[in-house]
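> Take a look and give me a structure for this.
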Amino acid sequence: MPTGGPSNPTKITRRFHLLLHRTELRTIRFHDLRHSTATLLLEQGIDLVVIKELLGHAHIGVTAGVYAHVRLRLQRQAIDTLGNALRPTGNDPDDPPVAAVVR
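Below you'll find the model as predicted:
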């Protein structure tokens, strides 16, 4: 606030929804921005402890539980990336045969 006083949550929510309407974006809760931010940070490789601190969670288990679906997706991507790196290109006859494909 320009006067340095506390913000009115109702006014913030109202202005946020007005902005969404004007820009023709779908309606979401203002709180959803918090989840989006944490998800984007996690996807960019920011440590879960740092995200926990930014969100103000008292325990890492809360953060890990809420964002477990993101972590599972990132783990799957990591496994797929490793599988692609280990898969022979087919260009080198000396490439060893692949015993198992990681999926």
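> Next, residue 25: secondary structure please.
Following DSSP: H, G, I helix; E, B strand; the rest coil, the label given to residue 25 is coil.
> and the spatially most central residue of the chain, what does it touch?
Closest residue to the average C-alpha location of the chain: residue 39 at 1.9 Å, with CA atoms, centre = their mean. Contacts were defined as CB atoms under 8 Å, 6 or more residues apart in numbering; by that measure residue 39 touches 67, 70. (Each C-beta comes from the backbone N, C-alpha and C, glycine too.)
> With just CA atoms, put the longest helix along the chain into PDB.
Ranked by residue count and defined by DSSP state H, the top helix of the chain is helix 68-86. Provided in PDB are the C-alpha atoms of helix 68-86 (Å, rounded to 0.1, in the frame of the first residue of the first chain):
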ATOM      1  CA  ALA A  68       5.300 -35.100  -4.700                       C
ATOM      2  CA  HIS A  69       3.500 -35.300  -8.000                       C
ATOM      3  CA  VAL A  70       6.000 -32.800  -9.500                       C
ATOM      4  CA  ARG A  71       8.900 -34.700  -8.000                       C
ATOM      5  CA  LEU A  72       7.700 -38.000  -9.500                       C
ATOM      6  CA  ARG A  73       7.300 -36.400 -12.900                       C
ATOM      7  CA  LEU A  74      10.800 -34.900 -12.700                       C
ATOM      8  CA  GLN A  75      12.200 -38.300 -11.600                       C
ATOM      9  CA  ARG A  76      10.500 -39.900 -14.600                       C
ATOM     10  CA  GLN A  77      12.100 -37.300 -16.900                       C
ATOM     11  CA  ALA A  78      15.500 -38.000 -15.400                       C
ATOM     12  CA  ILE A  79      15.100 -41.700 -16.000                       C
ATOM     13  CA  ASP A  80      14.000 -41.100 -19.600                       C
ATOM     14  CA  THR A  81      16.900 -38.800 -20.100                       C
ATOM     15  CA  LEU A  82      19.400 -41.400 -18.800                       C
ATOM     16  CA  GLY A  83      17.800 -44.100 -20.900                       C
ATOM     17  CA  ASN A  84      18.200 -41.900 -24.000                       C
ATOM     18  CA  ALA A  85      21.800 -41.200 -23.100                       C
ATOM     19  CA  LEU A  86      22.600 -44.900 -22.700                       C
END
